[in-house]
Structures are given as structure tokens and as C-alpha cells.
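Student: Let's see this in three dimensions:
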Amino acid sequence: SLQGDLSNLQGDITNLNTQLEETQGTLADFPAAEIVQMRQTLALFRIWELTSRARLRLVEGNAGLAETDLELALEVANEILTNDADEELSTFVQPVQERLALAAFNLPDDPVTAARDLETAWEALDEALVHLLE
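Tutor: Have a look, this model is predicted:
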């Protein structure tokens, strides 16, 4: 279920944040590429979390909170594309950003279309995370 997926994701993010905090003292020992990949993975998880939460808000009939989550997800996606993205990551994030923008455009007037765009973005994020974590 969507609620279960969101709970699992929040647990994963908490674990990643804990791991990141534990390693901050030894970041000098990590190769720069590994640090960048960790930051990108956390950002993608954040977008995935916000997208999942926006989907849940729409199911609950709360388009206002869904819009707020979408705006935050778009900010993170834009940050990735302007600051961190190599060409490969951009190919994954760009379509997600476009779908999130379409969903935001359709809210609050057309929540059904917005929900479809969120579903498409969520599936693309799932693929991106699988690829990035390989």
C-alpha cells in the first residue's frame, strides 16, 4: 500500500541520514565521487518521499498539502539538475521534474490528472534509484 511504502521510505531515509552523520567525521577518507553519489541518492530518496506523500495527500482528498509536497519535490529536482547532475543522472531526473511540474500545474483543479503524473514520476524515480544503487 502507499502508506506502507511511505513508512518504509521514511525508515530508509532515517537510516541513510544516520549513516551519513556517522561518516561525517571521516568524509576525508571517502573518494569525492562516493560523496557525490551518496548526496544524489539522498536527494532522489527525498524526491521519492515527497512524491509518495503527495500521492497519499491526493488519495486523502487534500490537494493543498499535495501541492506543498510537489513544490518541495520540484525544488530538490531543480537543485539536482542545476548543481549535482552528471549526464546520466540528468536523464533520470529530467522526466521526473517534468511530470512533477505537470502534476503541480493540474492541482488543485484536476487532481485525477495530477495523480497520474505523480504515478509516472514515482515509477521513474523508482527506476532511477534502482539504477543509482546498483
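Student: Pick out the residue nearest the middle of the chain.
Tutor: Ile47 (1.4 Å; CA atoms, centre = their mean).
Student: my guess is that residue contacts Trp122, does it?
Tutor: No - if you go by CB atoms under 8 Å, Ile47 and Trp122 don't touch, sitting 9.4 Å apart. No exception for glycine: its C-beta is placed from N, CA and C like everyone else's.
Student: which residues of the chain score low on pLDDT?
Tutor: The chain contains residues with pLDDT under 70 at 1, 5-6, 9, 20, 22-30, 84-85.
Student: Select the longest helix from it.
Tutor: The longest helix of the chain (DSSP state H) is helix 32-59.
Student: name the helices or strands packed onto that one?
Tutor: helix 2-23, helix 63-79, helix 87-106, helix 111-133 (3 or more CB pairs under 8 Å, 6 or more residues apart in numbering; DSSP states H and E).
Student: switch to 7 Å and redo it
Tutor: Judged by 3 or more CB pairs under 7 Å, 6 or more residues apart in numbering; DSSP states H and E, helix 32-59 is in contact with helix 2-23, helix 63-79, helix 111-133.
Student: tell me which strands and helices the first one is in contact with?
Tutor: The reference is to helix 2-23. Counting by 3+ CB pairs under 7 Å, 6+ apart, helix 2-23 packs on helix 32-59.
Student: got the angle for the helix it packs on vs helix 111-133?
Tutor: 160 degrees (axes from the mean of the first three to the mean of the last three CA atoms, to 10 degrees).
Student: Pull the distance from helix 32-59 to the chain's centre.
Tutor: 3 Å (CA atoms, centre = their mean, to the nearest Å).
Student: Okay then, goodbye and thanks.
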